[in-house]
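Enquirer: Have a look at this prediction, sequence included:
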Amino acid sequence: MKSKKYISKEVKIGNLLIGNNNPIKIQSMTNTDTLDIEKTTSQIMNLSDHGCDIVRLTVQGISQAYACENIKNILLKKGYDIPLVADIHFFPKAAIIVSDFVEKVRINPGNYAEKRANYKKNNFTKEEYLQSLKITEEKFLPLIDKLKKNKVALRIGVNHGSLSDRIMSKYGNTKEGMVESAIEYAKICVKHNFHSIVFSMKSSNVKVMIEAYRLLVFELIKENLNYPLHLGVTEAGEGLDGEVRSAIGIGSLLLDGIGDTIRVSLTNDPIEEINPAYEISKIKEKYKDYKSINISKDNKNSILAVDINDNNANKNIDFKVDPKDSSFLFLEDIEVIEKKYKNHEYIIYTPIFPIHKNIRELFQKLEDKKINTKILLNTNNLKYSLENIAILGSLLIDGIIDGIFTNGDDLDIVLNIMQASRKRNSKTEFISCPSCGRTLFDIQKVVLKLKKEFSNIPNLKIAVMGCIVNGIGEMQDAEFGYVGAGKDLVDLYVNQKVIKKNILSKDAFFELKNLIEKKYGTKAL
């Protein structure tokens, strides 16, 4: 797949311009109850003070829609003209009402005019499909009219876990289905002369997220629908895990020249999202002129090579390298590589100049010469900024490198990058949402407790979600799910099926532990 620079159209969101050549805008979301006007307003002001450009808040009903009027008025009185985004699921009437009080409305095509997939109807005839699409347009049109009247923008926000039955019947739970879901809504908007559109393609799977955005861009260019893109990895997780996943997902796309607004979704205080987002946002401008290449190399598994001369090296390694076999070569020496190393299984590449540009040039030269030697990137002495994490992750996901060569000092972060890139599992993976006004329990506290107890099972994935709004499909990679079901109530899932419903929060942890022990045994914990 060849990266092509994507120039988006300019769209106005309140007092901000996004898209085209405007700087990337940073977005976050409140985790307060929207009906608690004082707390919500305070959090929005705090986010603005920390450099956040746009704030989203949950609007799950009519009461929350009208609460946005009070929130907006208080913000304006206090001198905060920050654009607000209403997050809508399931309830079109709330979207229409709140359009009077906010600068942008986010809808999910999977549950706005149609029911989210329940996996019961798998086949639509052509007539049924078209009729369902016609009904979707009829239900969507009142919102378009209101947005046009009030000059309010729209985010068509597709979630990997909540596609409609109609889309699922034709495409399955795939990136193609995500893209088609977005394109359908965009075409309806354009048909009715509404152009203040922003897209997003959210998934907790970083690889799926990157592929979905790239495919979307390809289709948008083809259809002349090149509107701005909001980037984010949904349910990215807590702390460093969440930052690494977000850096790789968002950063890989920024390296492609894709993205106009971003959010680093962390299971933390929303304030903690802002600094990582700013650091990641710099990537697009810094690497705007990098050379794109054709990517065709098959890279299913990555190897972690650890320097065997280092006494602190991890003993449980897959691959060993004798440093005495190494030599220094420059890109111009491709003929030497072809002659001397063509039959070698690995090349250890030690970057002297910027990693991203030069290693992709090396990869292209190897491809052109049909040299299948695998590339290991030597990361010793590399500073692990979010920028470099994004670059390493993009190289792994795109199959440019086959592994990372390290002396072991940075083993934890290297393994984290590999796991986020879907190349190697070395610990339990936690998929967790950042929480919002729908969440009725302390999700960060729960995630930290689960991490402490279950962190050392490499092929185990646990999803912790404040609610089921994004659909069980968002947990498709997770074997176990811990999902808020109401105040102090939790549902437990195994392989996307509810096993225990409405468990008291105080008992849910132990119930989950019992389920995991049945599968993995007590020794695994």
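Expert: Good, I have the coordinates.

Enquirer: Would you check that residue 373 makes contact with residue 348?
Expert: No. The pair residue 373 and residue 348 does not pass the contact test of C-beta atoms under 8 Å, sitting 10.6 Å apart. Every C-beta, even on glycine, is put in place using the N, C-alpha and C of the backbone.

Enquirer: Just checking, which helix or strand of this structure averages the lowest pLDDT?
Expert: strand 303-306 (a mean of 46; mean pLDDT, DSSP states H and E).

Enquirer: Now do the helices in the stretch 301-450 of the chain.
Expert: For the stretch 301-450 of the chain, applying DSSP state H, counting those that start in this stretch gives helices covering 334-341, 355-368, 386-397, 411-420, 443-454.

Enquirer: Residue 226 is in contact with residue 11, isn't it?
Expert: No. Assessed by C-beta under 8 Å, residue 226 is found out of contact with residue 11, at 11.0 Å.

Enquirer: and those two? which has more neighbours close in?
Expert: residue 11 (23 against 17; other C-beta atoms under 10 Å).

Enquirer: Go ahead and confirm that one touches residue 25.
Expert: No. In this structure, residue 11 is not within contact of residue 25 by C-beta under 8 Å, at 10.8 Å.

Enquirer: between those two, what contacts are shared?
Expert: Jointly contacting residue 11 and residue 25 under the rule C-beta atoms under 8 Å, 6 or more residues apart in numbering are residue 18.

Enquirer: Okay, strands next: where are they in the stretch 401-525 of the chain?
Expert: Secondary structure of the stretch 401-525 of the chain by DSSP state E, counting those that start in this stretch: the strands cover 403-406, 429-432, 461-465, 480-486, 489-494, 497-504.

Enquirer: mean confidence for the longest one?
Expert: Averaging pLDDT along strand 497-504 yields 92.

Enquirer: and what of the fifth one?
Expert: pLDDT averaged over strand 489-494 equals 92, rounded to a whole number.

Enquirer: okay, the angle between that strand and strand 497-504?
Expert: 160 degrees (axes from the mean of the first three to the mean of the last three C-alpha atoms, to 10 degrees).

Enquirer: in its sheet, what does strand 489-494 sit against?
Expert: strand 480-486 (antiparallel), strand 497-504 (antiparallel) (DSSP bridges).

Enquirer: Can I get the ones you listed in TSV including distance to residue 55 and mean neighbour count?
Expert: Listed next are the strands paired with strand 489-494 as TSV, based on distance: least, C-beta to C-beta, whole Å; neighbours: other C-beta atoms under 10 Å:
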stretch	distance to residue 55	mean neighbour count
strand 480-486	22	22
strand 497-504	32	13
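
Enquirer: okay, now the residue nearest to residue 17 when sequence neighbours are not counted: neighbour count?
Expert: Of all residues not flanking residue 17 in the chain, residue 10 sits nearest, at 5.7 Å (C-beta to C-beta, 6 or more residues apart in numbering). Per other C-beta under 10 Å, the neighbour tally for residue 10 reads 14.

Enquirer: and residue 10, what is it in contact with?
Expert: So residue 10 contacts 17-20, 22, 228 (C-beta under 8 Å, 6+ apart).

Enquirer: swap in residue 431?
Expert: Taking C-beta under 8 Å, 6+ apart, we find residue 431 in contact with 204, 235, 237, 461-465, 474-475, 477-478.

Enquirer: Closest one to residue 394 out of these, please.
Expert: Of all those, residue 394 sits closest to residue 204, with 18.0 Å by C-beta to C-beta.

Enquirer: would you list the strands paired with strand 489-494 in a markdown table and tack on distance to residue 264?
Expert: Converted to a markdown table, the strands paired with strand 489-494 look like this (distance: least, C-beta to C-beta, whole Å):
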| stretch | distance to residue 264 |
| --- | --- |
| strand 480-486 | 22 |
| strand 497-504 | 30 |
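
Enquirer: Residues in a beta bridge with the nearest residue in space to residue 468 that is not next to it in sequence, which ones?
Expert: Distances taken as C-beta to C-beta, 6+ apart put residue 483 closest to residue 468, at 5.5 Å, once the chain neighbours are dropped. With DSSP bridges as the criterion, residue 483 is bridged to residue 465, residue 491.

Enquirer: can you tell me how far residue 483 sits from residue 490?
Expert: Residue 483 sits 7 Å away from residue 490, taking C-beta to C-beta, to the nearest Å as the criterion.

Enquirer: Which members of the contacts of residue 10 occur in strands, if any?
Expert: Among the contacts of residue 10, the members falling in strands (DSSP state E) are 17-18.

Enquirer: Check which residues of the host helix or strand of residue 240 are buried.
Expert: If you go by DSSP states H and E, residue 240 is part of helix 239-255. With burial defined by 16 or more other C-beta atoms under 10 Å, the residues of helix 239-255 counted as buried are 239, 241-255.

Enquirer: C-terminal to it, which secondary structure element comes first?
Expert: Next along the chain after helix 239-255, taking DSSP H and E as the criterion, comes strand 261-262.

Enquirer: Direction included, what does that next one pair against?
Expert: strand 25-29 (parallel), strand 230-231 (parallel).

Enquirer: Out of those, indicate the one that is most buried.
Expert: Neighbour counts (mean count of other C-beta atoms under 10 Å) averaged over each of these peak at strand 230-231, with a mean of 28.

Enquirer: Could you list the residues in contact with it?
Expert: 27, 155, 157, 198-200, 213, 249-250, 253-254, 258-263.

Enquirer: mind redoing it with 10 Å?
Expert: 18, 24-25, 27, 54, 56, 85, 104, 106, 155-157, 198-202, 209-210, 213, 246, 249-254, 258-264, 277, 280-281, 284 (C-beta atoms under 10 Å, 6 or more residues apart in numbering).

Enquirer: tell me the domain boundaries of this protein?
Expert: The chain breaks down into these domains under automatic domain parsing: 25-232, 303-420, 429-524.

Enquirer: Ok, which of those comes nearest residue 273?
Expert: domain 25-232 (5.0 Å).

Enquirer: What is the end-to-end distance of the closest one?
Expert: Length of domain 25-232, first residue to last, C-alpha to C-alpha, to the nearest Å: 12 Å.

Enquirer: do the same with stretch 421-435
Expert: Stretch 421-435 has an end-to-end distance of 24 Å (C-alpha to C-alpha).

Enquirer: Tell me the gap between that stretch and the middle of its chain.
Expert: The chain centroid and the centroid of stretch 421-435 are separated by 12 Å, computed with C-alpha atoms, centre = their mean, to the nearest Å.

Enquirer: ok, and the closest non-adjacent residue to residue 22?
Expert: With C-beta to C-beta, 6+ apart, the residue lying closest to residue 22 is residue 10, at 6.8 Å.

Enquirer: er, residue 210 I mean
Expert: Nearest non-adjacent residue to residue 210, counting by C-beta to C-beta, 6+ apart: residue 252, 5.2 Å away.

Enquirer: doesn't residue 387 make contact with the one you found?
Expert: No. Using C-beta atoms under 10 Å, residue 252 makes no contact with residue 387, being 11.8 Å away.

Enquirer: what touches both of these two?
Expert: The contact lists of residue 252 and residue 387 share residue 283, where a contact means C-beta under 10 Å, 6+ apart.

Enquirer: ok, which stretches of the stretch 151-300 of the chain are strands?
Expert: Going by DSSP E, counting those that start in this stretch, the stretch 151-300 of the chain shows strands at 153-159, 197-202, 230-231, 261-262.

Enquirer: Where does pLDDT dip in the stretch 301-450 of the chain?
Expert: Judged by pLDDT under 70, the stretch 301-450 of the chain has its weakly predicted residues at 301-344, 350-357.

Enquirer: can we see that at 50?
Expert: Residue ranges of the stretch 301-450 of the chain with pLDDT under 50: 301-329.

Enquirer: picking that back up, would you mind giving the contacts of residue 431 as CSV with distance to residue 416 added?
Expert: Formatted as CSV, the contacts of residue 431 follow (distance: C-beta to C-beta, whole Å):
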residue, distance to residue 416
204, 16
235, 17
237, 11
461, 15
462, 17
463, 18
464, 18
465, 22
474, 21
475, 21
477, 17
478, 18
